[in-house]
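Enquirer: give the three-dimensional model of this entry:
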Amino acid sequence: MDPTQGGLITALAEDLDAHMQLEIAKVYSSFIIKDSTRDIILQKFIAAHPDNALWMLARIYFAAIEKRMIQCNYTTADGQKAYNWKLCPCYFVLRNNNLYCIVYDIDMKKYLPLVAERMENIVVLESKYAIDWEIPPVDELFATSLSAFISTDDKEQVTIRYSNRIKNVIENIIASLDPQKSTDGDWHTATFTISDYRYLCKQLVLYGKDVEIVKPQKVRQAMIDMLSESLSVYKP
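Expert: Below you'll find the predicted structure:
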């Protein structure tokens, strides 16, 4: 062992592919990485449901495995309430500083991300319905989304242009969208498909003239409207 090299390194008999490394890293990271964001999100959820938070997580998890529908009351972001809402549970995900319960609504025929802390009076329906809903992989469900928004229809192919000064930041933001990139001097271009382009606008507005939405015009206009509305607050 060479102490100048930090210790003995034992090589594996064969290389692990990227997928296997990811699966091992997910288990290993729970021991060596402190996930403060996850702790804050779960603390919010527990504070909203101090008496039955763990019960809710377990009941919804096993309802999804057993393919049993759930019924709940739910409060939307704008304060509207839905009562005795029957839903098909899929799984929980952490996105954008919230714990979401992903469900399938058989009437709307779409997947929905419900903020878990806003779910109340959860009941797992005892009788199995003649419904065998699909539970898509998380990566597939959010393949064109940066936020918790889920859409299978409203997608836009967007092209953005950004300076070399913020290259790393912008490419980290859009990395999950599998962008097609090119470079021309000190400027870079990326094209990708996205379903939550308004959320993209909110991310890009921070970087001012170093980034521009090139097309389509629909998304450019959304950015213009957002900037104009913000500017109107500061006009004398």
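
Enquirer: could you pull out the strands for this structure?
Expert: 70-75, 81-95, 98-105, 110-115, 119-124, 156-163, 180-184, 187-194, 211-215 (DSSP state E).

Enquirer: ranking these by burial, who's on top?
Expert: strand 98-105 (a mean of 21; mean count of other CB atoms under 10 Å). Quick note: C-beta positions are derived from backbone N, CA and C, even for glycine.

Enquirer: can you pull out the low-pLDDT segments for the chain?
Expert: Counting by pLDDT under 70, the chain shows low-confidence ranges at 1-14, 127-130, 152.

Enquirer: 50 instead?
Expert: Applying pLDDT under 50 to the chain picks out residues 1, 3.

Enquirer: so for Ile60, which of the strands of the chain sits nearest?
Expert: In terms of CB to CB, the element of those nearest to Ile60 is strand 81-95, at 5.0 Å.

Enquirer: list the strands paired with the closest one, with their directions.
Expert: strand 70-75 (antiparallel), strand 98-105 (antiparallel) (DSSP bridges).

Enquirer: identify all contacting residues around the last one.
Expert: It refers to strand 98-105. 41-42, 44-45, 60, 70, 87-94, 110-117, 119, 133-134, 138, 141, 148, 150 (CB atoms under 8 Å, 6 or more residues apart in numbering).

Enquirer: what does the shortest one give?
Expert: Contacts to strand 70-75, defined as CB under 8 Å, 6+ apart, come from residues 59-60, 63, 81-89, 103, 114, 118-125.

Enquirer: now the angle from it to strand 110-115?
Expert: If you take axes from the mean of the first three to the mean of the last three CA atoms, to 10 degrees, strand 70-75 sits at 60 degrees to strand 110-115.

Enquirer: surely His49 and Ile122 touch.
Expert: No - judged on CB atoms under 8 Å, His49 makes no contact with Ile122 at a distance of 9.4 Å.

Enquirer: okay, and the common contacts of these two?
Expert: In contact with both His49 and Ile122: Met56, using CB under 8 Å, 6+ apart.

Enquirer: surely Ala53 and Ile46 touch.
Expert: Yes - counting by CB under 8 Å, Ile46 is a contact partner of Ala53 at 4.5 Å.

Enquirer: among those two, which residue is more densely surrounded?
Expert: A count of neighbours by other CB atoms under 10 Å puts Ala53 above the other of Ala53 and Ile46, at 18 against 15.

Enquirer: what sits against that one?
Expert: 45-46.

Enquirer: go on, the one 5 residues further on?
Expert: In this structure, Ala58 makes contact with no residue, judged by CB under 8 Å, 6+ apart.

Enquirer: what's the longest helix along the chain packed up against?
Expert: Criterion DSSP state H: the longest helix present in the chain is helix 217-234. Here helix 217-234 touches strand 156-163, helix 197-204, strand 211-215, going by 3 or more CB pairs under 8 Å, 6 or more residues apart in numbering; DSSP states H and E.
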